[in-house]
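> Curious how this folds, go ahead:
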Amino acid sequence: MEEGLNYDVIIDKDTENKLFGKTFFWMFLGLMGSAIVAAYTYYSGLFINIVQDGFFNGLLILELVVVVGFSLLFRRLSPAAVAVLYFLYSMLNGVTLCTVFAVFELSSVVSLFAASSLIFATLGWIGYKTEKDLSSWGTYITVFLIAGILLSLVNLFFFKSTGFDIVLDWFILALFFGITIYDINKMKLLQNDPNLDTNKVYIYCAMELYLDFINIFLRILSLFGRRND
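Numbers count the residues shown, from 1 in each chain. Now for the predicted structure:
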């Protein structure tokens, strides 16, 4: 054995790299699935039936149910069930995301998707390189996220203010910048949690990062996207 080498660190780093590799691969699969479903739903004309028949709000509620179920039942479900829930959510989200093609110019969607990817990668790098345990952020993130959701609902149904909507977009965008850093940092702790099944922890992480990226992309698109005439 060579002197000066810490083989425990090497093994831990190898495990960490495998977790991150699998997580980002599954995140990519989810995003790719959502993009394909969104494009097909829009360009095939199915989105017209979904909107006209009143299914859109039902899909949003179903998405919420899947996310809540995923979070609450993650530790109890088998890896296969967790994977099914993840892809079910990404497909459902793809259907609701079809409205992006109806509202914004395609060139704007593509360019801002690329910009969002670069921003996300930068945030991920910060979270990965940060040695400090950021678990103390969890409470603040939860409070601010609930506040953002409540304010968005209040503005949607009562104020209906475009100016306030822009302020909320910036607030939630900044919040998800922090959440992305937090989630990437948290992955380094999850891999050492003896209560988690290592065969499915990367799917859980992929789901969280998928949600982070989608929220960043949608807020950037809302703020800077060129809308169709």
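> In this structure residue 173 contacts residue 217, no?
No. No contact is recorded between residue 173 and residue 217 when judged using CB atoms under 8 Å, the distance being 10.0 Å. In this view, the C-beta of every residue, glycine as well, is placed from N, C-alpha and C.
> how about the helix of greatest length in the chain: buried residues?
Of all segments of type helix in the chain, defined using DSSP state H, the longest is helix 7-43. Along helix 7-43, these residues count as buried under the neighbour rule (16 or more other CB atoms under 10 Å): 19-20, 22-24, 26-27, 29-31, 33-35, 37-39, 41-42.
> rewinding a little: comparing residue 173 and residue 217, which shows the higher neighbour count?
More neighbours surround residue 217 than the other of residue 173 and residue 217, with 23 against 18 (other CB atoms under 10 Å).
> Low-confidence stretches in this protein?
Low-confidence segments of the chain (pLDDT under 70): 1-16, 52-54, 57, 191-196.
> ranges for the helices of it?
In order along the chain, the chain carries the following helices (DSSP H): 7-43, 46-52, 55-73, 79-96, 99-103, 106-129, 137-154, 162-190, 201-224.
> on contacts alone, who are the packing partners of the longest one?
Here helix 7-43 touches helix 46-52, helix 79-96, helix 99-103, helix 162-190, helix 201-224, going by 3 or more CB pairs under 8 Å, 6 or more residues apart in numbering; DSSP states H and E.
> any idea which of the ones you listed is most buried?
Scoring the helices and strands packed on helix 7-43 by mean neighbour count under mean count of other CB atoms under 10 Å gives helix 201-224 as the most buried, with a mean of 21.
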